[in-house]
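Novice: My questions are about this predicted structure, shown below with the sequence.
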Amino acid sequence: MNLSFEEIYGYMGLLSFEPTDENVAAMARALKASGATRAAVNHLPDIMHPELLSHPGNIYLWFANFGPSLDQFVSSELNAGLYPETFLERNRRTLVKFAAAYRAEGITPMLNLCEPRFVPERFFARHPTLRGSRVDNPVVSDVPLYA
């Protein structure tokens with residue numbers, strides 16, 4: 001039996017390296033060598049989600065960096081000030097760096113968004129009518145998190 005795939009997607013989890021130009025280019029070359037045609041670019045350069053600073057014992061937040069949503073990169077009128085601009089800018093720079101390295105290797109950049117994503121409780125203090133479903137795992141989360 002001959003199996004072939006027209007497209008091969010690369011979904012990396014948390015980065016196991018500092019996203020320097022050299023490291024990102026090496027990852028792009030490795031993906032190309034493996035046959036990848038598309039790869040996720042929305043990796044967070046920091047190992048921890050910023051909410052861990054407010055809830056350091058919340059084990060659920062250790063896993064909150066995979067497939068980060070767009071609010072980890074940009075803000076809008078709805079979520080302005082939710083995360084520090086320096087955090088967002090660093091994340092954007094990393095996203096652009098991955099996209100450029102992938103394009104240089106002929107790989108199509110893509111977003112890998114895991115939704116619904118939680119937002120900090122301070123968001124609902126401003127917009128109480130927008131509270132959605134609880135999205136954390138209550139077995140490991142010490143504070144309920146809502147989309």
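Specialist: Structure received.

Novice: For the residue most central in space within the chain, give me its contacts.
Specialist: By CA atoms, centre = their mean, the chain has its centre lying nearest to residue 68, at 2.5 Å. Residues in contact with residue 68 (CB atoms under 8 Å, 6 or more residues apart in numbering) are 42-44, 91, 113-114, 117. For the C-beta atoms, the positions are set from N, CA and C on the backbone; glycine is no exception.

Novice: So for it, what's the pLDDT?
Specialist: Note on residue 68: pLDDT of 88.

Novice: Would you mind measuring from it to residue 112?
Specialist: 9 Å (CB to CB, to the nearest Å).

Novice: if we can go back for a sec, from the contacts of residue 68, list just the buried residues.
Specialist: 42-44, 91, 117 (16 or more other CB atoms under 10 Å).

Novice: thinking again about what came up before, confirm that the residue nearest to the centre of the chain sits in a strand.
Specialist: No: Residue 68: not assigned to a strand; according to DSSP: H, G, I helix; E, B strand; the rest coil it is coil.

Novice: State the distance from it to residue 143.
Specialist: From residue 68 over to residue 143 the distance is 19 Å, taken as CB to CB.

Novice: same check, this time on residue 35
Specialist: According to CB to CB, residue 35 and residue 143 sit 42 Å apart.

Novice: Same question for residue 137.
Specialist: From residue 137 to residue 143 the distance is 12 Å (CB to CB).

Novice: just residue 52 next, same as before
Specialist: On the measure of CB to CB, residue 52 and residue 143 end up 11 Å apart.

Novice: what secondary structure does the residue lying closest to residue 99 once chain neighbours are set aside sit in?
Specialist: Leaving aside its sequence neighbours, residue 99 sits nearest to residue 109 (CB to CB, 6 or more residues apart in numbering; 4.0 Å). For residue 109, the secondary-structure state derived from three-state DSSP is strand.

Novice: Tell me, how many residues neighbour residue 109?
Specialist: Counted with other CB atoms under 10 Å, residues neighbouring residue 109 total 18.

Novice: Just grab the bridge partners of it for me.
Specialist: Applying DSSP bridges to residue 109 gives these bridge partners: residue 39.

Novice: I'd like to know how far it sits from residue 43.
Specialist: Taken as CB to CB, the span from residue 109 to residue 43 is 11 Å.
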